[in-house]
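S.K.: kindly return the folded structure for what I paste below:
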Amino acid sequence: MFIRSIKVPSSSGVVHEYVRVVESVRENGRVKQKLVLNLGRRDTLETLLPLLQRFLEGDAAPPLDDDGPIQILDSSTWGPVLVVRHFFQQLGLWQLLDSGRRWSHLAPEEDPDDDWPSRVLALIANRLMRPLSEHALAGWLETDFVCDRFGRRYLPHWKLQGRVQVDLTVLQQWYRSLDHLILNKAKIEVALYQRLRDLFNFQPDLVFYDLTSTYFEGHGPEGFAKHGYSRDGQPRNVQVVVGVVMVAGWPIAHHVWAGNTRDSKTVAEVVKDLTERFAFRQVVFVGDRGMVTEKNLNVLKEADGNWGFLLGMTRRQNPEAEALIDRIQEDAWLECKSGINAEEAKVKQRTRVQEVLCDRPGVRVFVVDSDERRNYEQRQRDKAMQRVRLGLEKLQARVAKGQLKDPAKIGAAAQRVLSRNHGHRYYTWQLATGQFQFEEHPVNLPREKKYEGKYLIQSDQADMTPREAVAHYKELNEVERGFRSLKDPIGMRPIWHHLERRVRAHIFVATLAFLMERMLERALKDAGVLLSAQAALTALETIRHVRFQADGHDRTGVSPGSSRARQVLKALQITDRRPPTPPQGHSPTM
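M.R.: Coordinates of the predicted model:
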């Protein structure tokens with residue numbers, strides 16, 4: 001047997017040498033080398049050689065992190081924070097925050113020169129990786145290497161004070177960073193928008209706007225956290241309403257309102273902000289049907305510049321919408337390009353559109369017929385009808401057994417059943433000769449079936465084709481996808497704050513994290529790396545900052561990470577994996 005080595009280039013371009021044990025064998029009259037054992041990388045074996053020699057000579061080999069030549073002192077996750085620092089620098093956030101205003105009402109023990117931009121970076125990284133409250137942030141700082149701009153690591157300061165387990169003075173520094181940040185929101189958003197235009201070269205032709213809600217664990221700020229229409233399915237929790245503005249796929253601004261604010265009440269403020277703060281003059285405002293009121297249409301018409309609109313229309317309880325759908329001509333449908341969204345691209349579902357005559361001057365209306373939407377609405381109707389039918393059958397049985405005899409009580413019970421799951425759309429009932437009878441509604445149900453799969457878009461753009469109208473309107477899905485990012489992986493919720501300014505700052509941190517997630521997605525796509533942003537962040541967790549002792553000296557290093565992590569770094573063109581080195585004479589921790 002022999003020792004041989006081979007050199008193998010990795011996906012990042014680094015060449016590693018691997019050591020093997022081979023033996024000579026004869027096959028078909030030829031001598032070949034057959035692999036017996038892979039011993040691993042040469043650099044690793046060189047470290048292990050003294051231990052291996054001691055072991056083979058009969059001595060008990062100590063573990064590497066004990067009293068061997070290398071003693072591991074700490075190993076912390078570093079890769080995701082490294083990437084956040086990369087985007088922080090790329091967006092110019094160091095200079096932008098350094099030049100910002102500071103919260104003036106400081107406690108006597110607070111440092112007026114505290115490096116709050118470094119803390120904001122840490123909060124954004126936390127939102128991306130492990131969304132936690134500022135109180136629970138301390139646990140994350142133990143497992144991940146998070147440092148300030150000079151490389152000094154943030155470490156938790158544990159101190160039990162009632163229900164709070166961290167030092168209140170340290171906790172206050174993180175809260176105060178939120179106060180500094182929200183003071184500068186207006187300036188930061190405009191500067192980031194301008195930076196994004198420089199980086200990605202886009203024009204603000206279409207402005208996409210949509211809303212969501214996010215709820216509180218607890219009472220929240222009085223007068224701000226209120227009950228309203230919950231998009232989270234949490235009607236018992238107080239909430240706030242969040243609106244996000246996106247241009248060319250990038251979130252450029254967001255707004256936060258009290259939890260009982262109606263969708264349509266927000267449009268005028270958003271249009272005014274985009275006109276005054278971002279100087280938008282010639283754009284098309286794209287929004288869903290919740291934005292449509294006569295007042296909002298007038299707001300868009302009267303806004304400074306040349307504002308247009310592309311808006312959804314309410315289909316239910318809207319006589320105009322019903323009349324427009326009835327004007328459909330079956331031979332006038334235009335097929336839309338398949339794959340407008342991910343679901344259609346996967347299963348090749350059909351989307352059709354046709355323009356129908358609108359009685360309002362200057363307004364065009366497009367009726368869209370979507371297989372995907374029809375299948376979804378049919379499934380929802382089938383489930384709702386089944387639930388309502390079961391309720392009506394139970395009521396019918398009670399009446400037949402004589403458990404309910406009073407017609408008024410029977411009618412009230414029927415109304416309760418029909419009020420759930422939109423039962424009035426599907427069934428009608430009557431009481432004849434003491435017998436309760438129900439059947440499918442002869443008018444409402446056929447109307448429901450006729451409208452399934454169809455929705456309406458209205459616009460004042462004379463040169464927009466029907467297919468373009470559908471494609472642009474469906475881009476609102478990007479805003480909705482952004483909301484899922486804000487709420488789920490990035491974790492806009494839950495919100496625990498009791499001050500309105502800190503609720504706003506908490507959501508601002510989440511939107512900055514969302515922006516960086518989008519930048520990561522874009523870089524991966526441009527580099528042809530088939531990973532989602534969240535998958536990439538997970539892979540980056542294999543890049544670790546290691547503190548060890550070698551030959552009696554403390555040293556630090558950064559592991560290369562997995563092959564997928566190295567792919568991500570290559571896509572971002574990050575070559576230096578190490579954090580900054582703290583200045584001489586300064587503590588390496590904070």
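
S.K.: what's the domain layout of this structure?
M.R.: The chain breaks down into these domains under automatic domain parsing: 2-61, 77-183+526-572, 315-462.

S.K.: pick the most buried one from those.
M.R.: Among these, the stretch with the highest mean neighbour count (mean count of other C-beta atoms under 10 Å) is domain 77-183+526-572, at a mean of 18. All C-beta spots, glycine's among them, are computed from the backbone N, C-alpha and C.

S.K.: so can I have a markdown table of the domains of the chain showing distance to Met291?
M.R.: Formatted as a markdown table, the domains of the chain follow (distance: least, C-beta to C-beta, whole Å):
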| stretch | distance to Met291 |
| --- | --- |
| domain 2-61 | 47 |
| domain 77-183+526-572 | 26 |
| domain 315-462 | 11 |
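
S.K.: could you dump these into TSV with mean pLDDT and distance to Asn477 added?
M.R.: Converted to TSV, the domains of the chain look like this (pLDDT from 0 to 100; distance: least, C-beta to C-beta, whole Å):
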stretch	mean pLDDT	distance to Asn477
domain 2-61	73	33
domain 77-183+526-572	89	16
domain 315-462	90	6
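
S.K.: for these, which one sits closest to Glu217?
M.R.: When the domains of the chain are compared by C-beta to C-beta, domain 77-183+526-572 sits nearest Glu217, at 9.2 Å.

S.K.: now find how far off-centre that closest one is within its chain.
M.R.: Per C-alpha atoms, centre = their mean, to the nearest Å, the displacement of domain 77-183+526-572 from the mean C-alpha position of its chain is 19 Å.

S.K.: show the end-to-end separation of that domain, please.
M.R.: Domain 77-183+526-572 has an end-to-end distance of 19 Å (C-alpha to C-alpha, to the nearest Å).

S.K.: now the strands for the stretch 151-300 of the chain?
M.R.: Taking DSSP state E, counting those that start in this stretch as the test, the strands found in the stretch 151-300 of the chain are 158-161, 164-166, 206-215, 239-247, 250-258, 284-287.

S.K.: quick one, helices of the stretch 251-400 of the chain?
M.R.: All helices of the stretch 251-400 of the chain, identified by DSSP state H, counting those that start in this stretch, fall at 267-276, 294-302, 319-325, 342-347, 371-400.

S.K.: continuing past the longest one, what's the next helix or strand?
M.R.: It refers to helix 371-400. Following helix 371-400 in sequence order, the next helix or strand is helix 407-419 (DSSP states H and E).

S.K.: using CSV, write out every CA atom in the helix or strand following that following helix.
M.R.: For helix 407-419, the succeeding helix or strand toward the C-terminus, using DSSP H and E, is strand 427-432. Presented in CSV, the C-alpha positions along strand 427-432 are these (Å, rounded to 0.1, in the frame of the first residue of the first chain):
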residue,chain,number,x,y,z
TYR,A,427,-79.0,28.2,0.2
THR,A,428,-82.5,29.4,0.8
TRP,A,429,-85.1,27.9,3.1
GLN,A,430,-88.8,27.8,3.9
LEU,A,431,-91.1,26.5,6.6
ALA,A,432,-94.1,24.7,5.1
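
S.K.: next one: strand 427-432 to chain centre, how far?
M.R.: With C-alpha atoms, centre = their mean as the basis, strand 427-432 stands 48 Å off its chain's centre.

S.K.: so in that sheet, which strands flank the next helix or strand after it, and in what orientation?
M.R.: Once the chain leaves strand 427-432, the next helix or strand it forms, by DSSP H and E, is strand 435-440. Strand 435-440 pairs in its sheet with strand 427-432 (antiparallel), by DSSP bridges.
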